[in-house]
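>>> fold the following and give me the result.
(one chain, ligands or ions: 2)
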Amino acid sequence: MTSERTFIAIKPDGVQRSLVGEILRRFERKGFKLVALKQLIPNKNLAENHYGVHRDRPFFSGLVDFITSGPVVAMVWEGEGVISSSRKLIGGTKPLEAEPGTIRGDFAINIGRNVIHGSDSPETAQFEIGLWFDASEINEWKQADQIWRVED
Ligand code: IDP
Ligand code: MG
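Ligands and ions are numbered 1, 2, ... in the order given. Predicted coordinates:
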């Protein structure tokens, strides 16, 4: 089994709308392991680095203003296949097209207020985890009931 890690962030709209518990619940009940969690208001530098691939897009400055506008809940989740599975739990970028049952499908209607971010590849996950977290903030621990989630 190859375990991997992904970076997940509840954006300021998700925090303001009290969706933190609901979102954590969805990742927990799926069976992934939470290995880092903090709330912070990202500064401009962090936001611009995080969304660096979108630097030349027309929505970039609005996106940076939005993500720095209030508290974000930043997390690292661990498990086999967690990167692509998280993207499925999150749903498509455009909330009106996101499947019902996904986070964006259930809780959002607007692309600029789509509640949550998740890394889209192993390379992005590694980059984003390093950007948002110090190695010392990530905990290695064993889930007591892991044998009931994952075969040996
Ligand atoms: P993703 O969050 O599903 O990975 P990306 O295409 O990487 O989607 O875009 C990053 C974020 O930028 C989106 O989640 C959304 O908040 C914002 N965004 C993307 N496209 C638009 C747009 O056309 N208008 C406004 N915001 C956008
Ligand atoms: Mg993306």
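
>>> got the residue ranges for the strands in the protein?
3-10, 33-40, 72-80, 116-118 (DSSP state E).

>>> tell me the buried residues in the longest one?
Using 16 or more other C-beta atoms under 10 Å as the test for burial, strand 72-80 gives 72, 73, 74, 75, 76, 77, 78, 79. C-beta: built from backbone N, CA, C; applies to glycine.

>>> is it correct that residue 116 is in contact with residue 15?
No. Checked against C-beta atoms under 8 Å, the pair residue 116 and residue 15 is beyond contact range at 10.4 Å.

>>> so which of the two has more stuff around it?
Neighbours were counted for residue 116 and for residue 15 using other C-beta atoms under 10 Å; residue 116 has more, 24 against 19.

>>> may I have the beta-bridge partners of that one?
Beta bridges link residue 116 to residue 10 when assigned by DSSP bridges.

>>> quick one, what contacts it?
Taking C-beta atoms under 8 Å, 6 or more residues apart in numbering, we find residue 116 in contact with 8, 9, 10, 11, 14, 23, 90, 103, 104.

>>> that one and ligand 1: what is the separation?
Counting by C-beta to the nearest ligand atom, to the nearest Å, the separation of residue 116 from ligand 1 is 8 Å.

>>> before we move on, what about residue 102?
11 Å.

>>> same check, this time on residue 25
For residue 25, the distance to ligand 1 - C-beta to the nearest ligand atom - is 21 Å.

>>> ligand 1 contacts on this protein?
The chain comes close to ligand 1 at residues 54, 59, 63, 93, 111, 112, 114, 117, 120, as judged by C-beta under 6 Å from any ligand atom.
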